[in-house]
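[1] Give the three-dimensional model of this entry:
(one chain, ligands or ions: 2)
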Amino acid sequence: MDRVRSGVDGLDQMLSGGFPKGGTYALLGFSGTGKSILGIQYIYKGAVDYDEPGVYILIEEDKDRFISNMAGFGWDLKSLEESEKISIIPYSKSLLGDIEASFDKGMNSDNPERAQRMREMLTVDSLYRQIAECVQKIGAKRVVIDSMTIVTMMTENQIMGRMQITWLIDKLRGLGLTTLITLEEGISYWRDIPFLCDGTIYLMLKEKEGIFARGLVIEKMRGTDHDTGMRPLKMDSPGGMIVYPDELVMSSPKH
Ligand SMILES: Nc1ncnc2c1ncn2[C@@H]1O[C@H](COP(=O)(O)OP(=O)(O)OP(=O)(O)O)[C@@H](O)[C@H]1O
Ligand SMILES: [Mg+2]
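    Ligands and ions are numbered 1, 2, ... in the order given. Predicted coordinates for the structure are as follows:
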């Protein structure tokens, strides 16, 4: 089986070598658990260490702030983008224009016109088109969609949502991509999507003697053996995310 390296020390060991190529994997967790950091590290390391260009679909975060936040890890995302090794697409912003300006024009959240516009734009078809363009342009092999939550909220109902996600997963596999999608735990519809994905990594913060310890567990990884321990992780600046595959979150003295 072909593997795609995660770019996170320790995680590839837990995955028996990396993500099975061509799959779509959910990164699930509450706010601040490290989903975006894991996602961008996968794209960054893919481009720098494995010569695999990648696309990062940034749905609701500001691109400049995102790039400057991640610079703390020693990652120069701007120059990687300039040399067409990666592409970061500020999705809602590029489609909706300047959101604040829209509010100034009276396009508040109750405005049916705005809601309809968002519904038309935040679709799996539109996502697919943007990603397919990047495959053409930079030869992308990796994709991250961060986050998928609002896209699922835009669907008419749960059945349609499931069908659309299944369609997208199939189309991305058809492009030869290995995809990570982030999902916000506790938000409606998130529970469905891991069932449709080829694998799920659950990121968490667990209280230990008054301090929240970070951890992750591989809940599912179709087609491969994998570790099932709740392993500690930390974020090093510089360096990024590191997972300790031989330790357990609650019994680790060091992390
Ligand atoms: N430069 C850094 N060095 C060390 N830790 C950092 C650094 N930047 C962020 N962090 C830690 O990572 C957390 C944010 O991680 P991340 O953005 O990946 O979370 P997330 O799961 O994507 O959250 P959300 O669902 O809210 O987007 C911060 O709250 C902070 O604890
Ligand atoms: Mg995030």
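[2] So Tyr25 belongs to a strand, correct?
    Yes - according to DSSP: H, G, I helix; E, B strand; the rest coil, Tyr25 belongs to a strand.
[3] List the residues that contact the residue nearest to it when sequence neighbours are not counted.
    With sequence-adjacent residues excluded and distances taken as C-beta to C-beta, 6 or more residues apart in numbering, Tyr25 is closest to Gly199, at 4.3 Å. Every C-beta, even on glycine, is put in place using the N, C-alpha and C of the backbone. Gly199 makes contact with Phe19, Pro20, Gly23, Tyr25, Ala26, Ile218, Glu219, Lys220, Met221, Arg222, according to C-beta atoms under 8 Å, 6 or more residues apart in numbering.
[4] what about 7 Å?
    Taking C-beta atoms under 7 Å, 6 or more residues apart in numbering, we find Gly199 in contact with Gly23, Tyr25, Lys220, Met221, Arg222.
[5] which of those residues tops the neighbour count?
    When neighbours are counted by other C-beta atoms under 10 Å, Tyr25 leads the contacts of Gly199 with 26 neighbours.
[6] Tell me how far the residue nearest to Tyr25 lies from Val217.
    Computed as C-beta to C-beta, to the nearest Å, the Gly199 to Val217 distance reads 12 Å.
[7] Tell me how far the residue lying closest to Gly74 once chain neighbours are set aside lies from Tyr42.
    Counting by C-beta to C-beta, 6+ apart, the nearest residue to Gly74 once its immediate chain neighbours are dropped is Pro238, at 3.1 Å. To Tyr42, Pro238 is 17 Å away according to C-beta to C-beta.
[8] Equivalent analysis for Arg65, please.
    Arg65 is 20 Å from Tyr42, by C-beta to C-beta.
[9] do the same with Leu175
    Counting by C-beta to C-beta, the gap from Leu175 to Tyr42 is 17 Å.
[10] mind checking pLDDT for Met154?
    On the pLDDT scale, Met154 is placed at 77.
[11] Find me whatever residue is spatially closest to it, sequence neighbours aside.
    In space, and not counting its chain neighbours, Met154 is closest to Leu122: 4.6 Å by C-beta to C-beta, 6+ apart.
[12] what sits against that neighbour?
    By C-beta under 7 Å, 6+ apart, Leu122 lies in contact with Ile150, Val151, Met154.
[13] quick one on the thing from earlier: more crowded one of Leu175 and Tyr42?
    Tyr42 (29 against 17).
[14] The more buried one contacts Lys141, correct?
    No - counting by C-beta atoms under 7 Å, Lys141 is not a contact partner of Tyr42; they are 11.1 Å apart.
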